[in-house]
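Engineer: Build me a model:
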Amino acid sequence: MEQLFNDGNGFLRLLPDLITHLYVPTPLADSVLSYIDNQLQVLNDEFSSTKAQLQTIKEDLTSLQSSGTIPNPQQTTRIDEDRSLTLSLVFGDIFTDAMEILSNRENIHFYTAHQPTHLDNEEFGNPQSMVVVYETKGPKLNSSLSKHARIELISKVIELEITDLLGELGLKFSSSRLLDTPVAPQITEEKKDAVEKLKANPKAQTTRFYVDLPNWYCSCDKLQSCYTKDWLSQSQPKFTYQQTTETHEVFQGINFDSLDPPAICPHILAALIIRVNPNANLCKQVSLANFSSIID
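Structural biologist: Coordinates of the predicted model:
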């Protein structure tokens, strides 16, 4: 993997096609059903009441979808599984960590000369554009909570999440059945609060990194460690790529001249993914994969 990490003429040429088509349109109802299936697979019998509700919602929603009677059918986006698998194989933890960053849209902020940031940083200087990326490492769950409290919070998060998703379809779950609802419930802050209580862990550490895409720069040690004196002194083929719509969209405005071949890190990859997919539903759903450690 280290060879691929540093091989500018290999892995980086694959990037434009993979990330520009990483998110594909899909009916929101399909996304909701997929979300339900994921939770039914993860949750154990301690969540029997939640699982029973999810199963009922799945059956009712499947019926409404088959009959074409969903009140407010919508489109959303999902990750293309084949491209995601290829990115995982080629980039390994770099892609996994990038997607973890993108699981919370608040982890990444774009700034330009016309939208100055209050985050003054002497090391970074004053570039024409800057991306600030926050990455959290450490335990994903609040270790101070009892198992019973965690189970209650997980059930609450699922309830709020499914309420939010169904509301966008013009539906609500009441009296053990799906009903039409003219107004989607406003539960964003309540859901955010529940997730924060569940994930809040004093042992987790959040680090801020600075990304300058035009100069292919990131302040993280992972990227800096690639540009060692020994590695830079080696004879490396110049990084070139075929001009296509995808390469133009991904690499436009980026100067690779002084970095031959260029390396990559999760923060640059996350910034590129969101730059070429600005309207993708990156974090529509709360992923319970991070919560599964207590469901054993």
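Engineer: Number of residues surrounding Ser48?
Structural biologist: 10 (other C-beta atoms under 10 Å). Just so you know, the C-beta spots here come from the backbone N, C-alpha and C atoms, and that holds for glycine as well.
Engineer: Actually, Thr77.
Structural biologist: Burial measure for Thr77: 18 neighbouring residues, criterion other C-beta under 10 Å.
Engineer: distance of it from Lys197?
Structural biologist: Separation of Thr77 from Lys197 (C-beta to C-beta, to the nearest Å): 28 Å.
Engineer: Ok, Lys222 next?
Structural biologist: Applying C-beta to C-beta to Lys222 and Lys197 gives a distance of 31 Å.
Engineer: More neighbours: the two, which one.
Structural biologist: Neighbour totals were compared for Lys222 and Lys197, and Lys222 leads with 18 against 15 (other C-beta under 10 Å).
Engineer: Which residues are in contact with that one?
Structural biologist: Cys265, Pro266 (C-beta atoms under 8 Å, 6 or more residues apart in numbering).
Engineer: so where is this protein shaky, pLDDT-wise?
Structural biologist: The model of the chain has pLDDT under 70 over residues 1-10, 112-129, 138-141, 182-185, 200-203, 228-239, 258-261, 281-296.
Engineer: Scan it for its longest helix.
Structural biologist: helix 147-168 (DSSP state H).
Engineer: in that one, what's buried?
Structural biologist: Neighbour counts over helix 147-168 (16 or more other C-beta atoms under 10 Å) mark 150-151, 153-168 as buried.
Engineer: Who are the packing partners of it?
Structural biologist: Using 3 or more C-beta pairs under 8 Å, 6 or more residues apart in numbering; DSSP states H and E, the elements in contact with helix 147-168 are helix 28-42, helix 48-67, strand 171-174, helix 188-199.
Engineer: now the ones you listed as JSON lines including distance to Gln243?
Structural biologist: Output for the helices and strands packed on helix 147-168, formatted as JSON lines (distance: least, C-beta to C-beta, whole Å):
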{"stretch": "helix 28-42", "distance to Gln243": "35"}
{"stretch": "helix 48-67", "distance to Gln243": "42"}
{"stretch": "strand 171-174", "distance to Gln243": "47"}
{"stretch": "helix 188-199", "distance to Gln243": "42"}
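Engineer: Would you map the strands across the stretch 151-296 of the chain?
Structural biologist: 171-174, 177-180, 205-212, 217-218 (DSSP state E, counting those that start in this stretch).
Engineer: Ok, the stretch 1-150 of the chain next?
Structural biologist: Counting by DSSP E, counting those that start in this stretch, the strands of the stretch 1-150 of the chain are 23-27, 75-79, 108-112, 129-137.
Engineer: Now do the contacts for Pro27.
Structural biologist: Gln65, Pro73, Gln74, Gln75, Thr76.
Engineer: In this structure the last one contacts Ser31, no?
Structural biologist: If I follow you right, that is Thr76. Yes. Contact criterion C-beta atoms under 8 Å: Thr76 and Ser31 qualify, at 5.2 Å.
Engineer: Of the helices and strands packed on helix 147-168, which is nearest Phe95?
Structural biologist: helix 28-42 (19.9 Å; C-beta to C-beta).
Engineer: which helices and strands sit right next to the closest one?
Structural biologist: Short answer (3+ C-beta pairs under 8 Å, 6+ apart): helix 28-42 packs on helix 48-67, strand 75-79, helix 147-168.
Engineer: again, only this time at 6 Å
Structural biologist: helix 48-67 (3 or more C-beta pairs under 6 Å, 6 or more residues apart in numbering; DSSP states H and E).
Engineer: Which of the residues in the helix it packs on are classified as buried?
Structural biologist: Thr50, Lys51, Gln53, Leu54, Ile57, Lys58, Asp60, Leu61, Leu64, Gln65.
Engineer: quick check: angle from it to helix 147-168?
Structural biologist: Orientation check (axes from the mean of the first three to the mean of the last three C-alpha atoms, to 10 degrees): helix 48-67 against helix 147-168 gives 20 degrees.
Engineer: start the count at 574, not 1, going forward
Structural biologist: Sure, I'll start numbering at 574, so the last one becomes helix 621-640.
Engineer: So which elements touch helix 621-640?
Structural biologist: helix 601-615.
Engineer: mind listing what's buried in the helix it packs on?
Structural biologist: Those would be Leu601, Ala602, Ser604, Val605, Leu606, Tyr608, Ile609, Gln612, Val615, for helix 601-615 by 16+ other C-beta under 10 Å.
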